[in-house]
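> Give the three-dimensional model of this entry:
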Amino acid sequence: MANTLTSLVPDLYEALDVVSREMVGFIPSVTLDANAERAALNQSIRIPITPAGAAEDVTPGQLPPDDGDQSIGNNVLAITKSRTVPFRWTGEEQKGVNNGPGYANIRRDQIAQAMRTLVNEIEAFIGGSVVLNASRAWGTAGTTPFASDLSDPANLRKILADNGAPMSDMQLVIDTTAGAKVRSLAQLTKANEAGTVALREQGTLLDIHGFKLRESAGVQTISTVGSVSGTASASAAKGATSVTITTAAGASVSILAGDIVSFAGDNSKYVAATALTLGASASGTLTLTAPGLRSTLSSAAVSVVGAATRNIGFSRSAIILATRAPALPEEGDMADDRMLITDPRSGITFEVAMYKQYRRVRYEVSIAYGWANIKPAHTALLLG
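Here you go, the predicted structure:
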C-alpha cells in the first residue's frame, strides 16, 4: 500500500509551527517517559520509592547486627487517557472550498487545531492535577507574585530545599499574569543588573534562583475551596502527615482534597491530601501531603486559604508524563495509512491517521497519555 500520507508532511510540519506557539509550560518541564509504551490503558506501572534511612551507632561484636530491613513504597503511573481529534471531508466539500481558500489550506489549519486541542488538554490535565498533591505553598491568595522583587521564587526554592529536592533542573511554571509581572521588574530589564537584554528586547523569561521559568495556559485558578466555621484546632507532631482536627461547639470543618491549609503559630501553608468534613464537637484526621508538618501543633487554630491561582515549582524528576500512540489490534484496523509526527517544542509525538470511506475521507490526530507526581515533596505551589 502506498504511503498516502507522504504528501501531507509539509502540511503537518507547517501546522506544528502554529501549535508550537501556544503557551506550553508543563510538558517541556516534566520528565517524558517512553517506558509506558508497553502499558495498556489504565494499567499501572509501579515506580519504587525508597524510604529515608535510619542511622545507628556502630557496635563491635562477633556478628553484624540483624537489621537493615526496609519497606519499599511505590507510586503508580498509568496511561489514563486515549484521545483523538477527528475531522472529515466529502468530495463535494473539497470541490466547493477549492474555489475559495483551498482544501489544502483548510486541512492544514484543521491539523493545527487538532494538535493545539490535545496539547492544551494535556497542559490543563497536568496543571489541574499537580495542585492536588504538592507539598506546600508560598504566597498570598489573590496577589500576583513577582509584585516588586524576587522573594517569591526565593521562598519557593527554600521549600524545595528544605524538603530535600535536588537543586538542579528546577522548573517554575507560571501563568501569563505572573509572567507580565516578571517582565516589569526593573532589575531584570536593566542590562547592567540582569546581565542580558533578552527579557527587555525579546520578552524571554530568564532563569531565576535556579528555576527555569515557563508560562502555561494550563496553570489553574482554583475558586472552589473548603471552609472552617467557628473554632477548630489541630494537634500533631513535627513531621506528621496526619493531623487531628477538633471542632468546638457550633463549629464545622469542610476541607477539600487539594485545599491549602494553615495553622496558627506555623508560617507554612500545607496541601490537604484528602478531604475532611466535621460537624460540631467532633474530631477527625486530616492527611497532609509529604513531607508533613514543619513544626509541632498543639491545639492550633485551623484556616483554609481562599481562591488562588496556583503556579507550580518542582524538580523535573518529580513529575512524569507518559505518552504514546493509542494501541492498535495486532491485525491492524481500517486506516489506509498512519504516521507519527513529533512537536519539536513540547516533545510530544502525535499519531495522524487517514481513513478512506465512501466518497469521504476521515482524518484523526491522536495520543494516549498519563502522568504521576512521584515525589510530592519535590513540588510546591506559588499562589497568585
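
> List phi and psi for residue 249.
When read as degrees, to the nearest 10, the backbone of residue 249 gives phi -60, psi 130.

> quick one: it and residue 281 touch, right?
Yes - the pair residue 249 and residue 281 passes the contact test of C-beta atoms under 8 Å, sitting 5.3 Å apart. Every C-beta, even on glycine, is put in place using the N, C-alpha and C of the backbone.

> what about these two, which has more around it?
residue 281 (11 against 8; other C-beta atoms under 10 Å).

> Thought residue 248 was touching the more buried one, still the case?
Yes - assessed by C-beta under 8 Å, residue 281 is found in contact with residue 248 at 6.9 Å.

> and stretch 173-185, how far out from the chain's middle?
Averaging C-alpha positions (C-alpha atoms, centre = their mean, to the nearest Å) puts stretch 173-185 18 Å from its chain's average.

> buried stuff in that stretch?
Along stretch 173-185, the positions that meet the burial threshold by neighbour count (16 or more other C-beta atoms under 10 Å) are 173-175, 177-179, 181-183, 185.

> Tell me the secondary structure of the residue nearest the centre of the chain, please.
Centre of the chain computed as the mean C-alpha position; nearest residue by C-alpha atoms, centre = their mean is residue 126, 3.3 Å away. The three-state label given to residue 126 by DSSP: H, G, I helix; E, B strand; the rest coil is helix.

> for it, what are its contacts?
For residue 126, the contacting residues are 26-27, 30, 218, 319, 321, 371, taking C-beta atoms under 8 Å, 6 or more residues apart in numbering as the criterion.

> what do you get if the cut-off is 6 Å, keeping everything else the same?
Neighbouring residues of residue 126 by C-beta atoms under 6 Å, 6 or more residues apart in numbering: 26, 371.

> Quick one, grab the pLDDT at it.
The predicted local distance difference test score for residue 126 is 94.

> Residue 84 versus that one, what's the distance?
The gap separating residue 126 from residue 84 is 19 Å, by C-beta to C-beta, to the nearest Å.

> Quick check: which ranges of this protein have low pLDDT?
By pLDDT under 70, the low-scoring segments of the chain are 1-22, 34-39, 100-101, 186-204, 344-345.

> How is it partitioned into domains?
Following automatic domain parsing, one gets these domains for the chain: 1-49+75-216+310-384, 224-306.

> need those in CSV with distance to residue 57, can you?
What follows is the domains of the chain, written out as CSV (distance: least, C-beta to C-beta, whole Å):
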stretch, distance to residue 57
domain 1-49+75-216+310-384, 24
domain 224-306, 22
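
> now for those, which one comes closest to residue 58?
For the domains of the chain, the distance to residue 58 is smallest for domain 1-49+75-216+310-384, at 24.8 Å, taking C-beta to C-beta.

> Mind checking what secondary structure the closest residue in space to residue 145 that isn't next to it in sequence has?
The shortest distance from residue 145 to any residue that is not its chain neighbour, by C-beta to C-beta, 6 or more residues apart in numbering, is 4.1 Å, and that residue is residue 152. For residue 152, the secondary-structure state derived from three-state DSSP is helix.

> and what of the one 4 residues further on?
Going by three-state DSSP, the secondary structure assigned to residue 156 is helix.

> show me what contacts it?
With C-beta under 6 Å, 6+ apart, residue 156 has these contacts: 138, 313, 380, 382.

> and the second one, what element?
In this case it means residue 313. Counting by DSSP states H and E, the element that carries residue 313 is strand 308-315.

> gap between the helix or strand that comes right after that strand and the chain center?
Past strand 308-315, further along toward the C-terminus, the next helix or strand under DSSP H and E is strand 319-324. Centroid displacement of strand 319-324 relative to its chain, using C-alpha atoms, centre = their mean, is 11 Å.

> other SSEs contacting strand 319-324?
With contacts defined as 3 or more C-beta pairs under 6 Å, 6 or more residues apart in numbering; DSSP states H and E, strand 319-324 has these neighbours: strand 31-33, strand 360-373.

> Restrict it to CA atoms and write it as CSV.
Coordinates of each C-alpha in strand 319-324 appear next as CSV, following Å, rounded to 0.1, in the frame of the first residue of the first chain:
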residue,chain,number,x,y,z
ILE,A,319,6.6,14.7,37.7
ILE,A,320,6.4,12.0,34.9
LEU,A,321,4.4,12.4,31.8
ALA,A,322,3.9,9.2,29.7
THR,A,323,2.7,9.4,26.1
ARG,A,324,2.3,7.0,23.3
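
> what distance separates stretch 65-74 from the centre of its chain?
For stretch 65-74, the distance to the chain centre is 32 Å (C-alpha atoms, centre = their mean).

> and the nearest residue to residue 291 once chain neighbours are set aside, helix, strand or coil?
Counting by C-beta to C-beta, 6+ apart, the nearest residue to residue 291 once its immediate chain neighbours are dropped is residue 377, at 4.7 Å. Here residue 377 is recorded as helix under three-state DSSP.

> and if you look at residue 160?
For residue 160, the assignment made with three-state DSSP gives helix.

> just wondering, since we're on it, how far is it from residue 173?
As it turns out, when the distance is counted by C-beta to C-beta, residue 160 lies 14 Å from residue 173.

> same deal with residue 52?
Distance check for residue 52 against residue 173: by C-beta to C-beta, it reads 28 Å.

> same question, residue 144
Computed as C-beta to C-beta, the residue 144 to residue 173 distance reads 15 Å.
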